[in-house]
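> Model the structure of this input:
(one chain, ligands or ions: 1)
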Amino acid sequence: MRSINRLRILIEKYGLLALSKMSLRHLRSKIVKYRVKFSKVIFFYLWDKPIIEIFNHIFRIDISKILITVNANQAWPARVNAQLEVFGSFSNPISCLEIGVWFGKGSTSNLLKVLPSGSTLISVDKWEPYASELDKKTSEMDYLSTLAAHSALNVFSTPNRSSGNRNIEKVLVKADSVTLMKKLSEESFNLVYIDGSHYYPKVSQEIEHTKRIVKRNFAIISGDDLEVLPNEVNLLEAAEHLDQDFYNGYHPGVLLAVGEAFVEVNMVNGFWWVYCKNGKFTTKI
Ligand SMILES: C[S@@+](CC[C@H](N)C(=O)[O-])C[C@H]1O[C@@H](n2cnc3c(N)ncnc32)[C@H](O)[C@@H]1O
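Below is the predicted model of the structure:
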């Protein structure tokens with residue numbers, strides 16, 4: 001008993017009482033947190049080193065999936081088939097604009113798989129933090145943007161990567177989507193895919209410019225993260241939560257921008273698209 005008391009006095013004296021009171025669960029959660037942080041530092045360091053490429057090549061697994069908590073491929077499996085089908089609608093060479101490249105492993109890779117040979121793919125990403133004040137605490141994407149840009153550059157500078165032997169001209173632009181779109185000519189694209197910032201002001205401007213730059217006789221406008229189709233109720237709710245990327249199971253900015261821009265759109269598991277036919281927007285091909 002005396003030795004226990006002595007131990008307690010020692011702990012208090014050296015300020016370790018707080019530690020002795022810390023629950024095991026709390027301690028464990030701290031260890032997990034720092035382990036994740038540590039692996040991210042290692043990942044950052046190794047990202048563009050050949051060792052990562054070799055590891056990926058030998059084990060056929062994407063190491064980014066193990067080391068970082070945000071998915072490097074943001075084309076969710078449930079959406080991939082619809083994406084491939086819609087992106088693959090063309091049999092002649094086309095001009096395609098992709099907004100939001102991230103690591104170049106999702107939509108970019110899907111576009112490269114199915115665009116006809118001779119097509120041009122212009123992909124734009126800002127790769128800068130863009131989370132709102134409210135989202136900052138939880139957004140992990142913001143601090144991965146440099147890493148994502150490196151990965152995308154790798155995809156775009158490797159000839160024929162993901163596009164088999166088909167000849168796709170790939171143009172990668174680091175810019176704000178709207179800044180770039182302002183410079184693009186009317187009726188110059190057959191296909192546009194919108195998956196950049198999901199906040200309303202940006203998405204609505206992107207859609208406005210898209211309507212101007214797509215070919216009037218026939219084009220496809222598509223995008224990501226429309227988990228529910230717009231209706232009178234959710235449009236009102238969305239308008240109340242525009243400072244959040246994600247709310248109540250959907251992206252309010254995307255929902256409102258799409259709902260305002262089109263009477264109707266097609267949607268499969270969050271991937272949405274609409275056809276422009278003779279200047280009219282329609283869900284039927
Ligand atoms: C959801 S990720 C794109 C995912 C990608 N399409 C895929 O399938 O993996 C969104 C991307 O949009 C980019 N972004 C955000 N705001 C942007 C803006 N104003 N202009 C251009 N890109 C932007 C981000 O840097 C991020 O890489």
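> What is the neighbour count of the residue in the stretch 51-200 of the chain that the ligand sits nearest to?
When C-beta to the nearest ligand atom is the measure, the stretch 51-200 of the chain has its nearest residue to the ligand at Gly106, with 2.2 Å between them. Backbone N, C-alpha and C define where each C-beta goes, glycine included. One way to gauge burial is a neighbour count; for Gly106, by other C-beta atoms under 10 Å, it gives 22.
> what sits against the residue nearest to it when sequence neighbours are not counted?
The spatial neighbour of Gly106 that comes closest, neighbours along the chain excluded (C-beta to C-beta, 6 or more residues apart in numbering), is Ala75 at 3.4 Å. Taking C-beta atoms under 8 Å, 6 or more residues apart in numbering as the contact definition, Ala75 lies against Gln83, Gly106, Ser107, Ser109, Asn110, Asp224.
> ok, and the helix or strand in the protein with the lowest average confidence?
With mean pLDDT, DSSP states H and E as the measure, the helix or strand of the chain carrying the lowest mean pLDDT is helix 17-21 (a mean of 47).
> what about Glu85, which SS state?
Each residue gets one of three states, and Glu85 gets helix by DSSP: H, G, I helix; E, B strand; the rest coil.
> next one: phi and psi at the most centrally placed residue in the chain?
Centre of the chain computed as the mean C-alpha position; nearest residue by C-alpha atoms, centre = their mean is Gln74, 4.9 Å away. According to degrees, to the nearest 10, the main-chain angles of Gln74 amount to phi -90, psi 10.
> Report the contact partners of the closest residue to it other than its chain neighbours.
On the basis of C-beta to C-beta, 6+ apart, the spatially nearest residue to Gln74 that is not a chain neighbour turns out to be Gly106, at 4.5 Å. Gly106 makes contact with Ala72, Asn73, Gln74, Ala75 under the criterion C-beta under 8 Å, 6+ apart.
> make it 10 Å
With contact set as C-beta atoms under 10 Å, 6 or more residues apart in numbering, Gly106 has these partners: Asn71, Ala72, Asn73, Gln74, Ala75, Trp76, Arg79, Val80, Gln83, Gly100, Asp195, Asp224.
> For the second one, the count of nearby residues, please.
Counted with other C-beta under 10 Å, residues neighbouring Ala72 total 19.
> my read: it touches Ala148, true?
Yes: the criterion here is C-beta atoms under 10 Å, and Ala72 meets it with Ala148 at 7.5 Å.
> overlap in contacts of these two?
Going by C-beta under 10 Å, 6+ apart, residues that sit against Ala72 and also against Ala148 are Ser64, Trp102, Phe103, Gly104, Lys105.
> Got phi/psi on the third one?
Torsion angles at Phe103 (phi, psi; degrees, to the nearest 10) stand at phi -80, psi -10.
> Please indicate which of the shared contacts of Ala72 and Ala148 are buried?
Burial by neighbour count, 16 or more other C-beta atoms under 10 Å: within the shared contacts of Ala72 and Ala148 this picks out Ser64, Trp102, Phe103, Gly104, Lys105.
> thinking again about what came up before, ok, the residue nearest to the centre of the chain - contacts?
Under the criterion of C-beta under 10 Å, 6+ apart, the neighbours of Gln74 are Gly100, Val101, Trp102, Phe103, Lys105, Gly106, Ser107, Met141, Ala148, Asp195, Asp224, Asp225.
> what about the nearest residue in space to the fifth one that is not next to it in sequence, neighbour count?
Read that as Lys105. By the measure of C-beta to C-beta, 6+ apart, the closest residue to Lys105 outside its immediate chain neighbours is Asn73, 4.2 Å from it. Summarising burial for Asn73: neighbours were counted as other C-beta under 10 Å, giving 19.
> For Asn73, grab phi and psi.
phi -110, psi 110.
> surely it meets Trp102?
Yes: look at Asn73 against Trp102 with C-beta under 10 Å: they come within range, at 8.2 Å.
> Now for these two: what residues contact both?
Counting by C-beta under 10 Å, 6+ apart, the residues touching both Asn73 and Trp102 are Thr108.
> Could you dump the buried ones among the shared contacts of Ala72 and Ala148 into a markdown table and include pLDDT?
Listed next are those as a markdown table, based on pLDDT from 0 to 100:
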| residue | pLDDT |
| --- | --- |
| Ser64 | 57 |
| Trp102 | 94 |
| Phe103 | 93 |
| Gly104 | 94 |
| Lys105 | 91 |
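> Right, I'll leave it there.
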